[in-house]
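Engineer: After the sequence you'll find the predicted model.
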Amino acid sequence: MPDGAAPVLAVRGLRTVFRTRGGEIHAVNDVSFHLERGELLGVVGESGSGKSVTMMSLIGLLPMPPAEIRAGTVMLGDQDLLRITPDALRDVRGAKVGFVFQDPMTSLNPVFNVGFQIAEPLRRHMGLTKAQAADRAVELLELVGIPDARKRLGDYPHQFSGGMRQRVMIAIALACDPDVLIADEPTTALDVTIQAQILELVKELRQKLGMAIIWITHDLGVIAGIADRVMVMYGGQVVEQAPVKDLFANPQHPYTRALLKTIPSLTGARADRLQVIEGQPPIMTAAPTACAFRDRCTHRFARCDAENPQRRSLDARPVGFGHDVACHWTPEAADA
Amino acid sequence: MLDASPQTLVRVDGLKMYFPIYSGILRRHTGDVKAVDGVSFDIQQGETLGLVGESGCGKSTVGRALLRLYEPTAGSVVIEGEDIATLSPEALRKKRPTMQMVFQDPQASLNPRMTLANIISEPLVEHTNWSPERRLERVYELMDAVGLNRRFANRFPHEFSGGQRQRIGIARALALNPKFIVCDEPIAALDVSIQAQVVNLLEDLQEKLGLTYLFISHDLSMVRHIADRVAVMYLGRIAELSPRDALFANPLHPYAEALLSAVNEPDPSLARRQRIILKGDVPSPARPPKGCNFCTRCPKAFARCHAEKPELQEVEPGRHVACFLYTPETGDAKAGPTGVPEANEHLQQGETK
């Protein structure tokens, strides 16, 4: 590892396949990445790009079957999460890895009050007594900015608004002081002004608690506002990875570039016509043997059909640590 | 403020849409959800009016009430000289071809058991006495217009992707040569790379067919792209109605300002600027606050805001704002003392229901 300290989480060569009646769907194809202590890694991609499936594979949240993890290692500290017992994995979930899902209505249990749902992981993973857990739950609710926290412990999820429910979800995810927080589209179901509140909260919590966060979203605007590093996914693969400023200032993959151009700006010059990416995202029925983006790419040439591009570094740093891209195209290739 | 102009196609005046609440054993009428509470605007021929706001602000209800998919509680909706709100059922039916709607969820708004050709020709069956051959010809024409391959005519909606389904919905809306189309969040359910395709299609069709749109959306950057003028709604009322460039360059209403500030720009240097973060949630439209609807979250609220409702007024040419910051009587001392007790009384009523 070039940066000295070992990463909190290191994923190597992850492959996840769904077996369906219609054949296999290769949802995650050889995905590798790492997460450093205290950093926020943004993961962007359209629906079906494999971003959620990748993260769910890490901590065994996928139903198996139909899902099947074919290859890879997921090192959390010195444990390989793909090779530990289900019991050990359950101890990891909640205690070391926290989760926030997209829809706060369906991911909270409607028949238990909020206090119980926050206390549950505390009692299971940290062995707190009922009273201790309740105190900690109040602390957590206050931490995520829910007013009148002690009174609200007895309230049920439907008594909270969408933004407040998402705060409760974050409180549950943070309950056991996890090393890694995985947030899967946590603000997508929320209105913009409420989304802004939650983003502000997450920034504050990061400063206070210093955990590492993986933030999955399709919204490049959110990524620009919050991430340290960004990973762009397409067809179940990482197609580009870079520190946030480099990615937005100097996008390299044709998909990233096109994606940035399709979003109209709120402040910049107003284009007469929006740029489009023609066609549809692919359905990966087999492991890729050619570039997954080639059908929609404006730079396509012979090599794109023959060979799936591997990630290559664009600076002196190794792949995954600087700016890297999985694309055959270079300005020189265009001349050739 | 709504001066008559020869090209005005749609004029909405004092539109109210209340949904009654019945409670108790006797199911007595105990209150109303004031989804739309006195909204006025007009739309010029060939114009796109953007209608933005957060969920629950009443923007979709405005769109539906405009086409009389709901029976409005009060107010008038004049489309080409006829008041839609009071037309008889038969006259309304005759009027329907001029006004159509594109819905948010193309999955839910297409009948899964009908083929694409049947879906698109359904309005023709209802409103014309054309022969099947002539209808099919029109279906093909429409499919060409929205970029669907003619070979797909006998397929079912589930065989299409989200973007293609939205094209089917647009083709259906166009079938009867409407003049006015309400687009209710037409791109909200689509992936980013597909959104641009659908928006470009809507713009092309507008140019070709001279359509007038009410474009309802919560996506401010997309509204900036497509709309000529934009109305910002909050809790059933219009907070600001301004030409697009003026609004985005310099929002006047504090809510419009906060809403624009909350949007994340895909640019790290812009996205990390200082934002206005609104406290709290939107109040329930069943119990809107006394005074200005926005007074509970407004960072600039003062005594008068808690006592009186501001009306939408033209404060600069073409710019209408409902806010006391922009009315000449700003800081009127009379409003303060009388307003506060009333506001408290209202709160108590609210709590006890």
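Structural biologist: Yep, that arrived.

Engineer: Mind jotting down where the strands sit in chain A?
Structural biologist: With DSSP state E as the criterion, chain A has strands at A:9-20, A:23-35, A:40-44, A:67-76, A:79-80, A:97-100, A:180-184, A:212-217, A:229-234, A:237-243, A:312-313, A:324-325.

Engineer: need the contact list for the residue of chain A found nearest chain B.
Structural biologist: When CB to the nearest CB is the measure, chain A has its nearest residue to chain B at A:Gly221, with 3.0 Å between them. Every residue, glycine included, has its C-beta placed from N, CA and C. Under the criterion of CB atoms under 8 Å, 6 or more residues apart in numbering or on different chains, the contact list for A:Gly221 reads A:Ile263, B:Val263, B:Asn264, B:Glu265, B:Pro266, B:Ala271.

Engineer: for A:Lys51, same thing?
Structural biologist: If a contact means CB under 8 Å, 6+ apart, then A:Lys51 has A:Val43, A:Val44, A:Gly45, A:Ile216, A:Met233 as its contacts.

Engineer: and the stretch 1-150 of chain A, which residues reach chain B?
Structural biologist: Residues of the stretch 1-150 of chain A lying near chain B by CB under 8 Å from any CB of the partner chain: A:Glu46, A:Ser47.

Engineer: Show the low-confidence segments of the stretch 1-150 of chain A, by residue range.
Structural biologist: When residues are selected by pLDDT under 70, those of the stretch 1-150 of chain A lie in A:1-5, A:104.

Engineer: again, only this time at 50
Structural biologist: Of all residues in the stretch 1-150 of chain A, those with pLDDT under 50 make up the ranges A:1-2.

Engineer: Report the central residue of chain A.
Structural biologist: Ranked by distance to the mean C-alpha position of chain A (CA atoms, centre = their mean), the top residue is A:Ile216 at 3.0 Å.

Engineer: Looking at chain B, which residue is nearest chain A?
Structural biologist: Checked against chain A (CB to the nearest CB), the nearest residue in chain B is B:Asn264, 3.0 Å away.

Engineer: any chance you could map the strands in the stretch 101-250 of chain B?
Structural biologist: Listed in chain order, the strands found in the stretch 101-250 of chain B under DSSP state E, counting those that start in this stretch are B:180-184, B:212-217, B:229-234, B:237-243.

Engineer: Tell me the pLDDT of B:Gly336.
Structural biologist: With respect to pLDDT, B:Gly336 has a value of 39.

Engineer: quick one on the thing from earlier: nearest residue to the residue of chain B closest to chain A other than its sequence neighbours?
Structural biologist: Leaving aside its chain neighbours, B:Asn264 sits nearest to A:Gly221 (3.0 Å; criterion: CB to CB, 6 or more residues apart in numbering or on different chains).

Engineer: Quickly note the distance from that neighbour to B:Ile119.
Structural biologist: Distance from A:Gly221 to B:Ile119, counting by CB to CB, to the nearest Å: 35 Å.

Engineer: How about residue 140: what's its closest non-neighbour residue?
Structural biologist: No chain in the question, so chain A it is. A:Leu140 sits nearest to A:Ala171 (CB to CB, 6+ apart), 4.1 Å away.

Engineer: I was thinking of chain B, sorry if that wasn't clear
Structural biologist: Leaving out its chain neighbours, B:Tyr140 is closest to B:Arg150 (CB to CB, 6+ apart), at 5.4 Å.

Engineer: And A:Ser52, by the same measure?
Structural biologist: In space, A:Ser52 is closest to A:Asp184, 5.5 Å off (CB to CB, 6+ apart).

Engineer: Just list the residues touching the one you found, thanks.
Structural biologist: For A:Asp184, the contacting residues are A:Ser52, A:Met55, A:Phe99, A:Val100, A:Phe101, A:Gln102, A:Ile216, taking CB under 8 Å, 6+ apart as the criterion.

Engineer: Which pLDDT value belongs to the last one?
Structural biologist: A:Ile216 carries a pLDDT value of 91.

Engineer: tell me the contacts of it?
Structural biologist: With CB under 8 Å, 6+ apart as the criterion, the residues that contact A:Ile216 are A:Val43, A:Lys51, A:Ser52, A:Met55, A:Ile182, A:Ala183, A:Asp184, A:Glu185.

Engineer: again, but for B:His253
Structural biologist: For B:His253, the contact set (CB under 8 Å, 6+ apart) comprises B:Val232, B:Ala239, B:Glu240, B:Phe294, B:Val321, B:Ala322, B:Cys323.

Engineer: Please repeat the previous calculation with a cut-off of 7 Å.
Structural biologist: Residues in contact with B:His253, defined by CB atoms under 7 Å, 6 or more residues apart in numbering or on different chains, are B:Val232, B:Ala239, B:Glu240, B:Val321, B:Cys323.

Engineer: before we move on, what about A:Val43?
Structural biologist: By CB under 7 Å, 6+ apart, the contact set of A:Val43 is A:Lys51, A:Ile214, A:Trp215, A:Ile216, A:Met231, A:Met233.

Engineer: Any idea what it is bridged to?
Structural biologist: For A:Val43, the beta-bridge partners under DSSP bridges are A:Ile216, A:Met231.

Engineer: before we move on, the earlier item: can you name the two of the contacts of A:Gly221 that sit furthest apart?
Structural biologist: A:Ile263 and B:Ala271 (12.4 Å; CB to CB).

Engineer: hmm, back to that, which pLDDT value belongs to the residue nearest to A:Leu140?
Structural biologist: 85.

Engineer: these two touch, right, it and A:Gln117?
Structural biologist: No. Because the distance of 9.2 Å does not satisfy CB atoms under 7 Å, A:Ala171 is recorded as not touching A:Gln117.

Engineer: These two - which one has more neighbours?
Structural biologist: Higher neighbour count among A:Ala171 and A:Gln117: A:Ala171, with 25 against 20, using other CB atoms under 10 Å in any protein chain shown.

Engineer: wait, doesn't A:Arg150 sit right on A:Leu140?
Structural biologist: No. Counting by CB under 7 Å, A:Arg150 sits too far from A:Leu140 to count as a contact (11.7 Å).

Engineer: Around residue 127, count how many other residues there are.
Structural biologist: Answering for chain A, as no chain was given. Other residues near A:Gly127 number 9, with proximity taken as other CB under 10 Å.

Engineer: looking at chain B here, not the other one
Structural biologist: A count of neighbours around B:His127, defined by other CB under 10 Å, yields 14.

Engineer: hmm, back to that, what residues are bridge-paired with the residue nearest to A:Ser52?
Structural biologist: Going by DSSP bridges, A:Asp184 is paired in beta bridges with A:Ile216.

Engineer: Centre of the chain to stretch B:289-306, how far?
Structural biologist: The chain centroid and the centroid of stretch B:289-306 are separated by 24 Å under CA atoms, centre = their mean, to the nearest Å.

Engineer: Kindly report the same for stretch B:58-67.
Structural biologist: Here the centre of mass of C-alpha atoms in stretch B:58-67, compared against the chain's by CA atoms, centre = their mean, lies 6 Å away.

Engineer: My guess is A:Met56 contacts A:Met64. True?
Structural biologist: No. Between A:Met56 and A:Met64 no contact is recorded; they are 10.8 Å apart, counting by CB under 7 Å.

Engineer: So for these two, which residue has more residues nearby?
Structural biologist: Set side by side, A:Met56 and A:Met64 show unequal neighbour counts under other CB under 10 Å, the larger going to A:Met56 at 19 against 12.

Engineer: Out of the helices and strands in chain B, which is least certain?
Structural biologist: Here the helix or strand of chain B ranked lowest by mean pLDDT, DSSP states H and E is helix B:335-352, holding a mean of 39.
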